[in-house]
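Visitor: model this:
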Amino acid sequence: MVMSKKKQITKEQVNLTLLLNYDVKLELLVSKPTVRLYRIEMWFAGKCIGVSPRGRVETMFCNPRDRQYFQFLPDGRLLFGDLKNSNQEKSSYTNTSNHDNSGYGKCVREGTSGLELGDCSTALMFELSPNSSFLFSQPTTHNKKCLSPFKITSTGRIPKLYPINHDQVGLTGCDQDASRVTLHEEDQFQEDRKYLKLPLPASNPKCDFPGCGINPPLPPASLVGTSERCSLLSSCITVLTKTARRPHLVLRMIDSLRRFQQYRDLLVVVIDDGVGPHSEEIMKRISECPNLRYLIGGERDIGISQGRNLGLQLVKTKYFLLIDDDNLFLPSTNLEMLVNILDTTDASLVGGKYSDHKDFSSFLEFKYERVRLTGKTLPFLKANIPGTSCSRANETISSFPGCMRCDVTSNNFLARTRDVIEVGGWSKELKAQEHLDLFIRLKAARKKVVYCPSHEVANVKPTGEDRVKGYRSLRHGREVQMRSLFANRWNVVQRSEKYVHRPDLLLAFLFFDRYRAGYLAEDDILAIVHSIGLNISRSQIKLIIDKVLMGKSKLNYRGLCEKVSTGGPNVIQQETVKLKEIEEVLLLGTQASNNVVKVDVTDAPLTERSGSIESVPTKPHDENDVVVVGGIEESKSVKHNYVDLEEEVIKRKNELDILSEEKTRSELSARKYRALLDSTKSALHELVGQISGGLDEGADKRTEEKGKIG
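Guide: You can find the predicted model right below:
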């Protein structure tokens, strides 16, 4: 870490520190005098470059049990394995994917269908880009060729953004994401992935991939005798928060903390992404806040994991409390209980819950599962989040009957500082999806986790002026990539098996949801209904929308369009098609609202499959989104179902807009377009008549009932 000379710490800002240039840049390999071995990982997807038993260079899981590393020779050739320590190497690796050593001591060369291993006299020569992010073939020209996984198209080879296992690697045009690599020194890689080398459980011989070694459950935390009890909270706890240019939320969180006398003296460490300080007003408020160390980085985006690791380095107390910037302390927040558990048991982490959210506690299990839609049997990680598996198991802790054994809790937890540091903190390559990764490594290191649902904090998302421009795109724009990195990091495939039972309704919502947020705000729904001209009063429209939202501020429309298929666990599949393609299909063939189309709604990388469209990719439900399926089902029992009528009107209006703009690739003639438009208009008028008639009939019925009562 290097202190900026331009930013001097004033007396008024004694608690404010500006950290700049803390990121360590990779050195060029050519400048390193010693011979080193490297794993080559695809930066975007997380797959490693390895060699098949037949000598073909291809993508595969980054498995520390396999020999997947290369040596960069001084002239730029890539040598597979370590020629210098051949005997030791052959005996120290258990090659699950490369059972022989036929490729040992050979170099990468151009083959007939891609890169392969061969005699080093015919090998290709590579050089690194100045930032060590791309491998160019030599000699480099204006049309540089990069080492990339690829797919064959009518125009030739193009880099493949989301390769699967055993995809061929070759020389292609350089793509900013698909061709980008991350180089890991073998020693560091082995240390980082050491938990994938745990002994496989003998009790389940069918679970034979690396993650299975993490499966054996831990016993509940037990009481231990200790003389070091925490007598003063401020001497034992440091509050750690990572934010991204949202200091107003941090100050709101600290205000809620200071409302409780017993927590006022707690030190709060905040790491903020960004370049330079905030406005003078914000900086003044920060400087006036007692017991606050607010650190601003020198880059716009260092990510959640790296930011938390930086903050963890500043923690001097034996425990730290992790909390998000949009959380608030409540009367039900009970840090004393969490401290008492860590003081008196062998637990490493104690977590609570969010007061207005689902239970985030869960157990972890690696296992094989058959994918129903494809018939393949693949390795995956089972973690039902949100879920209630820990509460249902109810393996309580001695002396703390309201707390129980668990593997995963929410991001509201108190942990032993040394134990989190011992497992490596948060994985810095995961700028999102870091939460589950930490708990997997804690379990692998046999660190016990306790869940106490009585300890709560509130999770209050910013609204209106409190929202930071660009935060959503920064946070969610890389979710797909991070899910891929997380899955490949643990050598698993993730999928969520669902089907869209209302594709026409999904398309209508997608038309109005420009940013694919997965929900519509109440004001937007009001504007939509007003704009389609149904001649319904504002009070009646408000009544309809209140039934749908059930007092909430936004509608999660995916709960209306999707259903989880029965008989299978919740997982996330790796291969799906692009959203644009399914939209084109929906535009052409989803006018009938009673059609049921079974698809696989995924949260994983969006890749292309040959053949027909098989699935629809969607974003995961945000924890604040409102799922109103129950309310809709209940309203269907009412004679006049205003909710269904509203959905039908939105659908018909959307069809009119789409057809009038002629944006589909339909082969319908102009006459068929006209007939379909007339038919849709007639249907719309009929719906308006039904609504008006239903309202009149309802009013007459209420008048009649009042007369009877009178």
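Visitor: secondary structure class for Pro64?
Guide: coil (DSSP: H, G, I helix; E, B strand; the rest coil).
Visitor: ok, now which ones touch it?
Guide: Residues in contact with Pro64 (C-beta atoms under 8 Å, 6 or more residues apart in numbering) are 189-190, 193-194, 196-197, 210. Any C-beta I mention is one placed from the backbone N, CA and C, and that applies to glycine too.
Visitor: Kindly recompute the last result at 10 Å.
Guide: 39, 93-94, 186, 189-197, 210, 491 (C-beta atoms under 10 Å, 6 or more residues apart in numbering).
Visitor: Direction included, what does the biggest strand by length in the chain pair up with?
Guide: In the chain, ranked by residue count with DSSP state E as the criterion, the top strand is strand 448-459. Strands flanking strand 448-459 in the sheet, each with its direction: strand 327-329 (antiparallel), strand 347-354 (parallel), strand 400-406 (antiparallel) (DSSP bridges).
Visitor: residue ranges of the strands in the stretch 401-550 of the chain, please?
Guide: Using DSSP state E, counting those that start in this stretch, the strands of the stretch 401-550 of the chain run over residues 413-416, 448-459, 498-500, 520-521.
Visitor: distance of His166 from Met60?
Guide: 7 Å (C-beta to C-beta, to the nearest Å).
Visitor: thought Ile164 was touching Ala487?
Guide: No - here Ile164 does not reach Ala487: they are 11.2 Å apart, not a contact under C-beta atoms under 10 Å.
Visitor: picking up where we left off before, weed out the non-buried ones from the contacts of Pro64.
Guide: 39, 93, 186, 189, 192-193, 195-196, 210, 491 (16 or more other C-beta atoms under 10 Å).
Visitor: a markdown table please, covering the residues you listed and showing secondary structure and pLDDT.
Guide: What follows is the buried ones among the contacts of Pro64, written out as a markdown table (DSSP: H, G, I helix; E, B strand; the rest coil; pLDDT from 0 to 100):
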| residue | secondary structure | pLDDT |
| --- | --- | --- |
| Arg39 | strand | 96 |
| Tyr93 | coil | 46 |
| Glu186 | helix | 93 |
| Phe189 | helix | 95 |
| Asp192 | helix | 93 |
| Arg193 | coil | 94 |
| Tyr195 | helix | 94 |
| Leu196 | helix | 94 |
| Pro210 | helix | 92 |
| Asn491 | coil | 93 |
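Visitor: what mean pLDDT does the longest strand of the chain have?
Guide: Mean per-residue pLDDT for strand 448-459: 95.
Visitor: what comes up buried for it?
Guide: Buried residues in strand 448-459 (16+ other C-beta under 10 Å): 448-453, 455-459.
Visitor: picking that back up, more neighbours: which of Ile164 and Ala487?
Guide: Ala487 (24 against 16; other C-beta atoms under 10 Å).
Visitor: Now do that one against Ile440, distance only.
Guide: 12 Å.
Visitor: quick one: common contacting residues for these two?
Guide: With C-beta under 10 Å, 6+ apart as the test, Ala487 and Ile440 both reach Leu381.
Visitor: before we move on, the earlier item: who has more neighbours, His166 and Met60?
Guide: The residue with more neighbours, out of His166 and Met60, is Met60; 23 against 12, by other C-beta under 10 Å.
Visitor: contacting residues around the more buried one?
Guide: By C-beta under 10 Å, 6+ apart, the neighbours of Met60 are 47-52, 66, 68, 96-98, 163-167, 488, 491.
Visitor: Spatially nearest residue to it (excluding sequence neighbours)?
Guide: Gly50 (4.5 Å; C-beta to C-beta, 6 or more residues apart in numbering).
Visitor: For the one you found, what is the enclosing helix or strand?
Guide: strand 48-51 (DSSP states H and E).
Visitor: Show me what that strand packs onto, helices and strands only.
Guide: strand 37-42, strand 57-60, strand 69-72, strand 78-80, strand 115-118, strand 145-153, strand 169-173, strand 181-185 (3 or more C-beta pairs under 10 Å, 6 or more residues apart in numbering; DSSP states H and E).
Visitor: what about Ile282, neighbour count?
Guide: Counted with other C-beta under 10 Å, Ile282 comes out at 15.
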